[in-house]
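Student: Here is the input, now give the coordinates:
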Amino acid sequence: MPHSVSGNGHRKGPWSQAEIDKLMSRYGQCPDPQLARELNRPIDSVRRMAKRQFSGDMRVGPWSASDVMKLRECFGVASIETLALVLRRSSSEIQTKIDDLRSSQVDRKWSRQDVQTLKRFYGTRVDSDLVVILGRSPESILAKADDLCLAKDKGFRRRKEGVGTTRMPRWSEEQLELLREMYPESCNLDIAQRLNRSEKSVVSKAHSLGLKKSKLRLRTMGQENVNKRYKPEDIDLAESQLEA
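Tutor: The predicted model follows:
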């Protein structure tokens, strides 16, 4: 049965299974208005369907690893009430778990998974939320973010700080020339560190200039991505044995 469309362009009528699947996977991980736009549904419709889909017996007792991961993925975006709905736990139990995660900070060696998590969430979370998500001290998080040339997303900064956010300095001709020289063969992090800019800024400016990575660099990047995905725990173990 085809969807009908309301006067404001939103879909109305029965939800398809694909829409429900997306709702279940994304709800709580992004603001409700954003998810409503992605689904082209009114916000109220999205929230009603979420309550229907996540309804069920309340969970009690020990937290599973997947529940803790879900809490961390949603933390900083979802309200306590939304977290309680998604995880099927009481609001007080959610708050207790958040307090536990915030207090259990461990400054250990950064694993590949830790770095990927930091890159994934740094741009859209305040620093105090990252403490809960990563289980690390603010100093450790800020130091690693600085090493990786990470920056908060512009949209996130506008929502948190208002329109008058500080912009990065304009690109000078010397910086543009260095970008053109380095971009084809160098990794974006090295370029960002050299130019004292974020990786996103480097990628965005390179795209606007029509710069491309060389075929050799693309092959190298592909191999690096494979190495990151192929049994990272074994790679980390091997590295720790070499360092021992």
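Student: what about D99, how many neighbours?
Tutor: 11 (other CB atoms under 10 Å). (C-beta placed from N, C-alpha, C; glycine too.)
Student: give me every residue that touches it.
Tutor: When contacts are counted by CB atoms under 8 Å, 6 or more residues apart in numbering, D99 touches no other residue.
Student: Mind checking what secondary structure it has?
Tutor: Per DSSP: H, G, I helix; E, B strand; the rest coil, the local secondary structure of D99 is helix.
Student: and M49, what does it touch?
Tutor: Contacts of M49 (CB under 8 Å, 6+ apart): W15, I20, L23, R41.
Student: how close does the second one get to R26?
Tutor: Right, the one you point to is I20. Using CB to CB, to the nearest Å, I20 is found at 11 Å from R26.
Student: picking up where we left off before, just the ones of the contacts of M49 in strands?
Tutor: Residues of the contacts of M49 located in strands (DSSP state E): none.
Student: Which pair in those has the greatest spatial separation?
Tutor: The span of the contacts of M49, defined through CB to CB, is set by I20 and R41 at 11.1 Å.
Student: who has more neighbours, those two?
Tutor: A direct count of neighbours by other CB under 10 Å for I20 and R41 places R41 higher, at 22 against 15.
Student: Quick check: that one touching P14?
Tutor: No. Using CB atoms under 8 Å, R41 makes no contact with P14, being 11.6 Å away.
Student: Show me where this protein has its strands.
Tutor: Going by DSSP E, the chain shows strands at 4-5, 11-12.
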